[in-house]
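Asker: Here is a sequence together with a model predicted from it:
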Amino acid sequence: MPAKRKLRYGMVGGGQNAFIGAVHRMAANLDGQIELVAGCFSSDPENSRLTGEQLFINPPRVYSSYTEMAEREAALPETERIDFVSIVTPNFLHAPVASAFLKRGFHVVCDKPMTLTLKEAKALRKTVKKTGRVFALTHNYTGYPMVKEARELVRTGKLGKILKVIAEYPQGWLLDRIEADGQKQAAWRSDPKKAGASCCVGDIGTHAENLGRYITGLEIESLCAEFTTFVPGRKLEDDANILIRYKGGARGVLHCSQISCGEENNLNIRVYGTKGSLAWSQEHPNELKFVPKNEPARIFRRGNGYISDVVKQFTRLPFGHPEAFIEAFANIYIEAVAAIRSRIEGKRGAVRDFPTVDDGVYGMAFIETAVKSSASNAKWTKFPAL
């Protein structure tokens with residue numbers, strides 16, 4: 001039946017004092033296509049109740065566990081139950097929560113990295129394929145219009161054959177061992193039981209890898225990684241340097257760090273080809289630098305008429321009015337919602353532009369290969385077949 005209405009969603013995670021849950025809610029709400037009607041916002045039932053109260057959720061739709069939420073939402077009439085769930089928990093809960101909702105017929109939007117291990121990721125991919133539900137992974141940096149413009153420059157041959165990719169993601173917020181003082185965001189990210197085998201690469205290195213693959217389409221053949229834990233007492237790495245060999249001959253350098261003093265959220269990428277190069281920085285997201293061979297540099301800015309037609313749909317404001325982090329997240333949501341709406345209406349629908357379960361599997365393979373390489377004396381480690 002046609003879904004000529006807002007889509008209803010529930011959230012797992014994102015309770016009081018959580019950062020990313022609020023970001024997801026703002027992004028989901030931005031285009032007026034979605035409404036939050038249910039949630040299990042914390043493993044602490046009281047936190048979940050208070051969060052639901054703050055968000056004006058009907059009390060019977062605020063749950064004390066995700067299993068209760070999945071079961072009770074599935075039991076509701078189609079006209080009332082959620083259409084999809086947004087998962088914004090720490091990493092170790094992504095797979096079990098996603099599986100619980102997929103198996104009850106719900107579509108899923110999940111924060112990254114997708115799972116705790118590659119084995120979990122492959123199992124979750126099987127569940128997604130079996131259920132036929134939409135699964136979107138919020139690698140939100142692919143939502144920026146100028147990142148999409150960078151991809152168009154590569155896709156249309158403006159850079160020629162890609163030779164080298166340099167992706168960096170330095171932060172400085174973990175320079176001190178703040179997890180020991182109970183800082184929530186640091187505590188779970190540095191805990192192997194909740195974050196997995198990696199802190200820095202799993203948290204931000206995956207964004208740098210995904211950004212490079214999204215823009216260039218290149219896939220990794222092998223890599224050589226060095227992990228370092230600079231802060232005494234920390235259980236996982238807080239800095240990583242990775243050399244990459246891509247299929248087809250291109251080379252890459254990926255650096256990510258959470259102990260780089262003075263850095264805030266400086267994700268950036270440079271791509272060099274035989275006909276030109278490009279550069280983009282997340283802290284200046286509305287600009288893209290393009291340098292054709294033997295020509296002056298050009299600065300492209302979002303919102304202008306010269307931007308590719310395929311990119312214009314992801315811009316909400318006229319040029320000169322900055323768009324940034326929330327809007328990039330919203331672009332993931334609006335594309336995922338379009339795909340979900342097509343499924344509800346029984347239509348095949350056009351291929352939408354959002355990261356999928358396959359991107360999640362690739363991301364976990366990247367993390368595990370980097371961990372394996374860092375622990376190896378041989379260093380160069382072949383990327384697994386997926």
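Answerer: Nice, I can see it. Residues are numbered from 1 along each chain as shown.

Asker: Helix or strand: which one has the nearest residue to A297 once chain neighbours are set aside?
Answerer: Leaving out its chain neighbours, the residue that sits closest to A297 by Cβ to Cβ, 6 or more residues apart in numbering is V291, at 4.6 Å. Every residue, glycine included, has its C-beta placed from N, CA and C. In the assignment (DSSP states H and E), V291 maps to strand 287-292.

Asker: Ok, G320 next?
Answerer: Going by DSSP H and E, G320 is not in any helix or strand.

Asker: That one against N286, yeah?
Answerer: No. Between G320 and N286 there is no contact under Cβ atoms under 8 Å: 9.3 Å.

Asker: Between these two, point out the one with more neighbours.
Answerer: More crowded of G320 and N286, by other Cβ atoms under 10 Å: N286, with 20 against 10.

Asker: thought that one was touching R301?
Answerer: Yes. Between N286 and R301 a contact is recorded at 5.8 Å, counting by Cβ under 8 Å.

Asker: which neighbours do those two share?
Answerer: M146 (Cβ atoms under 8 Å, 6 or more residues apart in numbering).

Asker: still on that earlier bit, per-residue confidence for the residue nearest to A297?
Answerer: Among the per-residue scores, V291 holds a pLDDT of 98.

Asker: does the closest residue in space to I204 that isn't next to it in sequence count as helix, strand or coil?
Answerer: Leaving aside its chain neighbours, I204 sits nearest to Y169 (4.5 Å; criterion: Cβ to Cβ, 6+ apart). Assigned with DSSP: H, G, I helix; E, B strand; the rest coil, Y169 falls in the strand class.

Asker: need the contact list for Y169.
Answerer: Y169 touches I204, G205, H207, A208, H255, C256, S257, N266, L267, N268, counting by Cβ under 8 Å, 6+ apart.

Asker: Pipe those into TSV and attach secondary structure, neighbour count and distance to R352 per row.
Answerer: Below are the contacts of Y169 laid out as TSV (DSSP: H, G, I helix; E, B strand; the rest coil; neighbours: other Cβ atoms under 10 Å; distance: Cβ to Cβ, whole Å):
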residue	secondary structure	neighbour count	distance to R352
I204	helix	20	25
G205	helix	29	26
H207	helix	21	20
A208	helix	27	24
H255	strand	16	31
C256	strand	29	28
S257	strand	25	33
N266	coil	17	29
L267	coil	20	23
N268	strand	17	27
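
Asker: between these, which is closest to K112?
Answerer: Each of those was scored against K112 by Cβ to Cβ, and H207 proved nearest at 7.6 Å.

Asker: all helices for this structure, in order.
Answerer: Taking DSSP state H as the test, the helices found in the chain are 20-29, 45-54, 66-75, 94-102, 118-131, 145-155, 184-189, 192-195, 200, 206-216, 309-312, 325-344, 357-374.

Asker: now the fourth one and helix 118-131, what's the angle there?
Answerer: Just to be clear, that refers to helix 94-102. Relative orientation of helix 94-102 versus helix 118-131 (axes from the mean of the first three to the mean of the last three Cα atoms, to 10 degrees): 10 degrees.

Asker: Next one: the residue nearest to Q171 when sequence neighbours are not counted from G39, what distance?
Answerer: Nearest residue to Q171, sequence neighbours excluded (Cβ to Cβ, 6+ apart): Q258, at 4.9 Å. The gap separating Q258 from G39 is 29 Å, by Cβ to Cβ, to the nearest Å.

Asker: again, but for K4
Answerer: 25 Å.

Asker: between these two, which one's more packed in?
Answerer: G39 (29 against 7).

Asker: Quick check on the residue most central in space within the chain: phi, psi?
Answerer: Computing the C-alpha centroid of the chain and ranking residues by Cα atoms, centre = their mean puts H139 first, at 1.9 Å. Main-chain torsions, H139, degrees, to the nearest 10: phi -80, psi 80.

Asker: That one is in contact with H207, isn't it?
Answerer: Yes. At 6.5 Å, H139 counts as touching H207 under the criterion of Cβ under 8 Å.

Asker: joint contacts of the two?
Answerer: K112.

Asker: show me what contacts M11?
Answerer: G21, H24, R25, L36, A38, G39, C40, F41, V85, S86, I87, V88 are the contacts of M11 under Cβ under 8 Å, 6+ apart.

Asker: make it 7 Å
Answerer: Residues in contact with M11, defined by Cβ atoms under 7 Å, 6 or more residues apart in numbering, are G21, L36, G39, F41, S86, V88.

Asker: quick one: which two of those are the most distant?
Answerer: Those two in the contacts of M11 that are separated most widely, counting by Cβ to Cβ, are L36 and V88, at 11.8 Å.

Asker: Neighbour count: those two, which is higher?
Answerer: V88 (26 against 21).

Asker: what bridges to that one?
Answerer: G13 (DSSP bridges).

Asker: From H94, how far off is it?
Answerer: 10 Å.

Asker: just L267 next, same as before
Answerer: 21 Å.

Asker: where are the low-confidence patches of this structure?
Answerer: 1-3 (pLDDT under 70).

Asker: domain assignment for it?
Answerer: 7-141+330-356, 146-314+363-382 (automatic domain parsing).

Asker: how much distance is there from the longest one to the middle of the chain?
Answerer: Taking the mean C-alpha point of domain 146-314+363-382 and that of its whole chain, the gap between them comes to 12 Å (Cα atoms, centre = their mean, to the nearest Å).

Asker: end-to-end on that domain?
Answerer: For domain 146-314+363-382, the separation between the terminal residues is 32 Å (Cα to Cα, to the nearest Å).

Asker: For A240, list the residues it contacts.
Answerer: C200, V201, G205, A225, E226, F227, C256, A370.

Asker: Need phi/psi at R348.
Answerer: Dihedral angles (degrees, to the nearest 10) for R348: phi -70, psi -50.

Asker: Identify the residues contacting it.
Answerer: For R348, the contact set (Cβ under 7 Å, 6+ apart) comprises S342.

Asker: separation between it and N140?
Answerer: Distance from R348 to N140, by Cβ to Cβ: 26 Å.
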